[in-house]
Structure formats: C-alpha cells, structure tokens
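Enquirer: Make a model of this:
(2 chains)
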Amino acid sequence: MSRVARRRGLRVLGYVASVTVVLALWQYLSGRAIIPLLFPSPISTWKVGWGLAAKGQLGADAWASLGRILAGFVLGSALGVVGGMFMGSFRPVRLFFEPYVQFLRFLPALAWIPAVMLWLGTGERAKITLLAYTTVFIVALNTMVGVTRVPRNQVRAARSFGASRWQIFCLVTIPATVGYMLTGMRLAMGNCFMTVVAAELVASDTGLGYLIFSSRQWMQTELAFVGIFVLGMMGLVADQIFRAATGKLLWRYESSLGHSRQ
Amino acid sequence: MAYITFGGVDFRYGLDDPLIIRNFNLELERGELFTLVGPSGCGKTTVLHMLAGFESPSAGVLQVDARPVRGPQRDRIVIFQEPDSLYPWLTGLENVEFPLRVMGVPRAERRSRAEEALRLVGLHGHGEKHPGHLSGGMKQRIQLARALVLDAPVLLMDEPFAALDAQTRQILQEELVQIAARTQRTILFITHDIQEAIFLADRIGVMTAGPEATLKTIVDVPLPRPRMRGSAAFGLLYEEINQVLSVEVRRVLRREDSLL
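Expert: Numbering: from 1, shown residues only, chains lettered A, B, ... in the order given. Reported below is the predicted structural model:
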C-alpha cells in the first residue's frame, strides 16, 4: 500500500472511530443521564427516521428542500456572477451598488421573511427568493474582487497582442475570475443549507425545515433530530460534490489567484 | 534615421508629481541588442513601459520606425520579469497560441506556428503542461515563444531572467543571443546584472539614479561572440561599467541614509 493510500485509510478509520464512540456514548447516556424526551437516543431517532423514510415522507421533504436550495442557489449565483462582473468592470456601477451590497450582506434572510411574505405571499417564489438572496451578495462580492485582481500583466500582454476590450474581457477577465466565483459559490451553498430551514418557516407543509419545526407541536424531538441529520448530511454531500465537480477547474484557475507556483 | 528614437523624453505620473525620467535620449538601430542598467528604482522599467505603450511620455518624442508610439501594439512585445503575464488556465502551447487566437488565425495554422515557436525556445514537446507545472526557466521560455510567434520586430525584456537560478540564467542568456542573431529582432533588455548586460549586448546604457533619471552614458561592447565571461576584455569592461554604475548606486544609498 502506498503511503498516501495508507494515510487516507487511517484518516477514514479515525472518522469512523470518532462517530462510533460518540454514538455509543450517547446511546449509553440516554435514559441514564439525559431524558429521552428532550434528547432522544440514536436508536430511537433512527427508528423514527426509518419509519418516516418507509412512508416516503422523509424523501419527499428532503427532495422539496433540495429543489428549493438548488433553484435559489442557481438563480442567486447567476445574478451574483453577472452583477459582480459589472461591478468589477465598471467603476461607476461599483460605486453605485457597493453601499447596498455591503449593507445587505450582513442582514440574514431571516430578517426579510415578514417583508418577503407580504410581497410574494407564502408560496415557492418567496422561499426561492430568500435562498437567492442569501447567495447573491457573497457571489457578487467574490466575483467583483476577482475582476479587480486580474494580474495587470495578463491584461497588458493581451493589449500588446492587439486584443480588443471585449476580447480581454472574454479571454482574460472571465477565466481569471473563475476561481473567485467558485469560492463565492461554495460559501453561498453553505448559506443556502442554513437558510432553507428559515425559508421553510414561511407557511410550509413540506421540506426538512418544516419537519424540524412541526416536531415541536407533539414533542417529537426525534423528528427534529431526523431533519437535522438529513439536512446536515445533504449539505456535506453537496459540498463534496461541488468540490469534486469544480476541483479540477479550480486547480487550473487557482494559480490565477495572484501567485504562481514554482 | 534611427529605428527607435527617444528624444528628450520626460515622464511623470501626474501633472503635480515629480519627474521620474528627465530628458531621456536614446536611438536604437534595427536588429540591435541594447541593455539598460541602472540603480534599482531609477526608472528603467518606466522607460521600457513607455516604449511598450503602457505609459505615455509627459514630454518629448518617442518613435518606432518613424511613427510615434500610441499605446501597445503587436510590433513590440514585452517579456515580463514575473511569469504572471502567462495565463494559468491555458497550457504552455495554448499560451503561445494566444496572440494568434486574438488575431483570428485559424486553429491549424495557429497550432503549427506555436509549435514552431516552442521549438525555437527549446520547449518542443513540453507544450501540454500548464504554467503551474513548469519551472521558472520554462515559464520565461514560454513568454519568449509567445513573443516570437507574432514575429514582433521589437522585444522588450524587463529583467526576464532575474528570478532564475544562476545556471538556468546563463543557458537562457546563451539561447537569447542565438535567437536574436537568427531572428534579427531589435531587443531592449533591462537588467541590474552587469555581467548579463555585457554578455548579451551590442551596447549598454547606464542610467543615473532617480528621480529625474536619465541616460548617463552608453558603452559599446566590441567583444566577439560567443563571449567568454572569464576573459580579460570582459573583465575590463565589467570594471568600467561597474565604476560608472556604483557612483549612481552610492547616490541612492546616501539618499536612503539621509532619510533614516
């Protein structure tokens, strides 16, 4: 076995050991030191989750949340990339929009829920809007920074070769900014998974956020745990997929982040 | 009339800023390899950037082939000290093809011309790697190939070998002399390394310390090629230039001392 493979094996083993120990301890303590009603054991959580999955409800909720996340993420990313490109390329555009972007990026989607409900009602549109909101600024700001950090000599060289402004934009600025866009999108995806719970507070009857909140009514803490677990796993997997899908791209474009590897 | 003319060129960034270059005069002949040495920070790069069209003179005449310089153009290609002008998302070959792509040259012709340029700099068969996977010396060769592929008559080299290790630097110096002889380019080469200047140049210009820097003197290098770095004539020339230059470097050091 190569050293790299062995190290990776050891790492996975470490993760598995950690999870096993914590689950075992949790199971042991529940019913002894902690009240199961407030903090259900892993096994009872699993049973409730399994029952929910068998009925198809868990899958439906997960699917509903994922669909909203995806829609909001794609919409927000598209707007963010285009907006960031404009802000990075044209100083007046940047000066005009920057105060709002810098202001709004500190306001969580949660704060907008009442207003968005009044404007857009309680349907899918409102939820997707909130998710797009949580995506757009971070992608726009990253893209804008990327545009302003295109190495000067890359642009100078292109000008020497006789490139038009449009050619410089397409052949230099956009590719040189890809790394920044992807970084912004990855951060935004994390935001989406956090925000979806809040978005599904808006008069929803599907989704993992709904599942988590509705559990409170009947003191079904297991249900909340199931929702949390599935949402966390989905986030983890989505992040891994995003990294795997963009890893090769990012590697190629990463050395455009201002430094070069010798 | 000379091929490239700097006539009484001044340079300052803004109207109220101090003069960085003052009354700079230089004439270069077609096919000449001219090196410019001077204390660091004196404005060598500014002179090169004006000729490249990245900066405009504040006063004076700057002409190439009897036409005033207005902005960057394909006939004058810069080889930068840092390899950050290469496009890391493109392979070495695609980087060399880039200028042709901008010009709209068809793909097949682009490829064959880029491969030819890579052969000229000794990188044939290494074109598939991305700049991130190339050594510093190879990256500078890619920059050189990217300039050669355009058949630009003027190459502007801004300390292109300064960041390389001594052995690689010598090899690239030797290759540059050969390429220059074979392709008949006019080359303005900036360096702070006197040995490099003597090894490469037909003539060497020594600049004064800035601000208000200008050309102090021009030294002819009458040594036959290939030049022997250890020869007596090489050493004498080294001393001559070193004396002129160290006066200027000392001026810079004195000023820095007085600022402390």
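
Enquirer: which residue is nearest the middle of chain A?
Expert: Chain A has residue A:189 as the residue nearest its centroid, 1.4 Å off, counting by CA atoms, centre = their mean.

Enquirer: hang on, isn't that one packed against residue A:242?
Expert: Yes - counting by CB atoms under 8 Å, residue A:242 is a contact partner of residue A:189 at 6.1 Å. Every residue, glycine included, has its C-beta placed from N, CA and C.

Enquirer: all strands for chain B, in order.
Expert: Along chain B, counting by DSSP state E, strands occupy B:4-11, B:21-28, B:33-37, B:59-64, B:67-68, B:76-79, B:154-158, B:186-190, B:203-207, B:215-220.

Enquirer: how about the ones you listed in a markdown table, adding mean pLDDT?
Expert: Putting the strands of chain B into a markdown table (pLDDT from 0 to 100) gives the following:
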| stretch | mean pLDDT |
| --- | --- |
| strand B:4-11 | 95 |
| strand B:21-28 | 95 |
| strand B:33-37 | 96 |
| strand B:59-64 | 95 |
| strand B:67-68 | 94 |
| strand B:76-79 | 94 |
| strand B:154-158 | 95 |
| strand B:186-190 | 96 |
| strand B:203-207 | 95 |
| strand B:215-220 | 93 |
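
Enquirer: picking up where we left off before, measure the residue nearest to the centre of chain A to residue A:196 for me?
Expert: Computed as CB to CB, to the nearest Å, the residue A:189 to residue A:196 distance reads 11 Å.

Enquirer: wait, what's in contact with the residue nearest to the centre of chain A?
Expert: Residues near residue A:189 by CB atoms under 8 Å, 6 or more residues apart in numbering or on different chains: A:69, A:73, A:135, A:235, A:238, A:239, A:242.

Enquirer: what's the closest non-adjacent residue to the first one?
Expert: Right, residue A:69. residue A:192 (4.7 Å; CB to CB, 6 or more residues apart in numbering or on different chains).

Enquirer: so that neighbour, which of the three states?
Expert: Recorded secondary structure, residue A:192: helix (DSSP: H, G, I helix; E, B strand; the rest coil).

Enquirer: Which pLDDT value goes with it?
Expert: pLDDT for residue A:192: 94.

Enquirer: again with residue B:85
Expert: For residue B:85, the predicted pLDDT is 92.

Enquirer: following the helix or strand harbouring residue A:85, which helix or strand comes up?
Expert: Using DSSP states H and E, residue A:85 maps to helix A:57-89. Per DSSP H and E, the first helix or strand lying C-terminal to helix A:57-89 is helix A:91-104.

Enquirer: List the contacts of the closest residue to residue B:237 other than its chain neighbours.
Expert: In space, and not counting its chain neighbours, residue B:237 is closest to residue B:198: 5.4 Å by CB to CB, 6+ apart. By CB under 8 Å, 6+ apart, the contact list for residue B:198 reads B:204, B:221, B:223, B:227, B:234, B:237, B:238, B:241.

Enquirer: Read off the pLDDT value for the third one.
Expert: Taken from the predicted model, the pLDDT recorded for residue B:223 is 92.

Enquirer: With the last one instead?
Expert: According to the predicted model, the pLDDT of residue B:241 comes to 95.

Enquirer: That one contacts residue B:206, correct?
Expert: Yes - Residue B:241 is within contact range of residue B:206, at 6.4 Å (criterion: CB under 8 Å).

Enquirer: gap between the residue nearest to residue A:64 when sequence neighbours are not counted and residue A:234?
Expert: Take residue A:64 and drop its neighbours on the chain: the residue closest to it by CB to CB, 6+ apart is residue A:206, 4.0 Å away. Here residue A:206 is placed at a distance of 15 Å from residue A:234 (CB to CB).

Enquirer: now residue A:191
Expert: 14 Å.

Enquirer: got it, and residue A:221?
Expert: Residue A:221 is 20 Å from residue A:234, by CB to CB.

Enquirer: do the same with residue B:6
Expert: 65 Å.

Enquirer: Over to residue A:183?
Expert: Distance, residue A:183 to residue A:234, using CB to CB: 21 Å.

Enquirer: Same check on residue B:44?
Expert: Taking CB to CB, one finds residue B:44 at 58 Å from residue A:234.

Enquirer: Compare the two (neighbour count), which wins?
Expert: residue B:44 (25 against 17; other CB atoms under 10 Å in any protein chain shown).

Enquirer: which residues does the nearest residue to that one once chain neighbours are set aside form a beta bridge with?
Expert: In space, and not counting its chain neighbours, residue B:44 is closest to residue B:190: 4.7 Å by CB to CB, 6+ apart. For residue B:190, the beta-bridge partners under DSSP bridges are residue B:36, residue B:158.

Enquirer: pretty sure residue B:190 contacts residue B:162?
Expert: No - shown here, residue B:190 and residue B:162 do not form a contact pair, counting by CB under 8 Å, at 9.2 Å.

Enquirer: Who has more neighbours out of the two?
Expert: Neighbour count, other CB under 10 Å: between residue B:190 and residue B:162, residue B:190 has more, with 23 against 15.
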